[in-house]
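In: The sequence and its predicted three-dimensional model are supplied below.
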Amino acid sequence: MLAVATWEPTGERKQIMGKKFDAARGKVDRAKRYTVEEACQLVHDCKYSKFDESVDLAVRLGVDPKHADQMVRGAIVLPHGTGKNVRVLVFTKGENEKLALAAGADHVGGEELAKKIQDENWLEFDVAIASPDMMPVVSKLGRVLGPRGLMPNPKVGTVTPNVAQAVKEAKAGKIEYRVEKAGIVHAPVGRVSFGPDKLRENVMVLLEALMRVKPASAKGTYFRSVTISSTMGPGVKIDPSVV
């Protein structure tokens, strides 16, 4: 097995980064559960890195994903996007090819794209969309795209006859969410540079979406815990009762 080299700060740089993180963590009361507004403000105030950090939300739900009727999954368009330049691939043909390109798709095609993915393990895209007539071709890529979360799926709107609209939504900041085995949903909600107000709006849209798809069979408290954090910053716990 080949050893994989990983970069870690050393010496003075590590000490400086450690001090900055400790200072950021000192601003957060780990025993407190904040409102969404307070938590987003803290994420913004705790930034100390030089790059524009991503911000993610982790929500532990009172569901058991082992049961099919308690699987929580869906997709939403965040009002302020994710701050990421999304590369979109579309499997389609005919007039839809022109429509997809006009909507901003980065790659459009059919069998030739599927062959490139299968033969060359080419994965230079973040979202894959397909028109229904292309699914016999796309379905053969399940082993490649499935484990990476790139397989088009009608449940989240990435298998659709209206590929142009799907491309626009993906470019505008549409995200997919799916509960993991431990009952947790992880999803991006923007970047620190968005500021507290835009982060709050994105967070609330995601939480409202999760509430709308609450399984009827889920018992007890639905939002068990909610935590927001930036790439380099400490986690900030949100009070689920005020969501």
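Out: Here it is on my side, so go on.

In: Outside of stretch 107-125 itself, which residues are in contact with it?
Out: Stretch 107-125 has contacts (Cβ atoms under 8 Å, 6 or more residues apart in numbering) with 87-93, 97, 100-101, 106, 134, 137-138, 140-141, 144-145, 148, 150. C-beta: built from backbone N, CA, C; applies to glycine.

In: now, which of these lie within helices?
Out: Judged by DSSP state H, the contacts of stretch 107-125 include 97, 100, 101, 137, 138, 144, 145 as members of helices.

In: residues contacting the third one?
Out: Listed by Cβ under 8 Å, 6+ apart, the contact partners of residue 101 are residue 108.

In: how close does it sit to residue 201?
Out: Distance check for residue 101 against residue 201: by Cβ to Cβ, to the nearest Å, it reads 31 Å.

In: got a markdown table for the ones in helices among the contacts of stretch 107-125, with distance to residue 166 and pLDDT too?
Out: Formatted as a markdown table, the ones in helices among the contacts of stretch 107-125 follow (distance: Cβ to Cβ, whole Å; pLDDT from 0 to 100):
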| residue | distance to residue 166 | pLDDT |
| --- | --- | --- |
| 97 | 14 | 96 |
| 100 | 9 | 97 |
| 101 | 13 | 97 |
| 137 | 17 | 95 |
| 138 | 14 | 96 |
| 144 | 21 | 94 |
| 145 | 16 | 95 |
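
In: one step back: now the contacts of stretch 107-125: which count as buried?
Out: Neighbour-count burial (16 or more other Cβ atoms under 10 Å) is assigned, among those, to 87-92, 97, 100, 106, 134, 137-138, 141, 144-145, 150.

In: List just the nearest of the residues you listed to residue 24.
Out: Closest approach to residue 24 among those (Cβ to Cβ): residue 87, at 31.7 Å.

In: OK, contacts around the closest one?
Out: 106, 107, 124, 125, 126, 127.

In: The residues you listed: which two are farthest apart?
Out: Largest pairwise distance in the contacts of residue 87, by Cβ to Cβ, is 11.9 Å, between 124 and 127.

In: Between those two, which is the more surrounded one?
Out: Neighbour count, other Cβ atoms under 10 Å: between residue 124 and residue 127, residue 127 has more, with 24 against 10.

In: Can you check which helix is longest in the chain?
Out: If you go by DSSP H, the chain has its longest helix at helix 196-212.

In: pull the helix or strand with minimum mean pLDDT from this protein.
Out: Least confident helix or strand, the chain: helix 11-25 with a mean of 66, by mean pLDDT, DSSP states H and E.

In: If you count neighbours, what's buried in the helix or strand following that one?
Out: Later in the chain than helix 11-25, the nearest helix or strand by DSSP states H and E is helix 36-45. For helix 36-45, the neighbour count (16+ other Cβ under 10 Å) marks 36, 37, 38, 39, 40, 41, 42, 43, 44 as buried.

In: Same question for stretch 66-73.
Out: 70, 72.

In: what is the mean pLDDT for that stretch?
Out: Stretch 66-73 carries an average pLDDT of 92.

In: With stretch 153-173 instead?
Out: Stretch 153-173 shows a mean pLDDT of 94.

In: ok, and for it, which residues are buried?
Out: Buried residues in stretch 153-173, defined by neighbour count with 16+ other Cβ under 10 Å: 153, 156-160, 163-164, 166-171, 173.

In: can you give me how far that stretch is from the chain middle?
Out: Taking Cα atoms, centre = their mean, to the nearest Å, one finds the center of stretch 153-173 at 15 Å from the center of the full chain.
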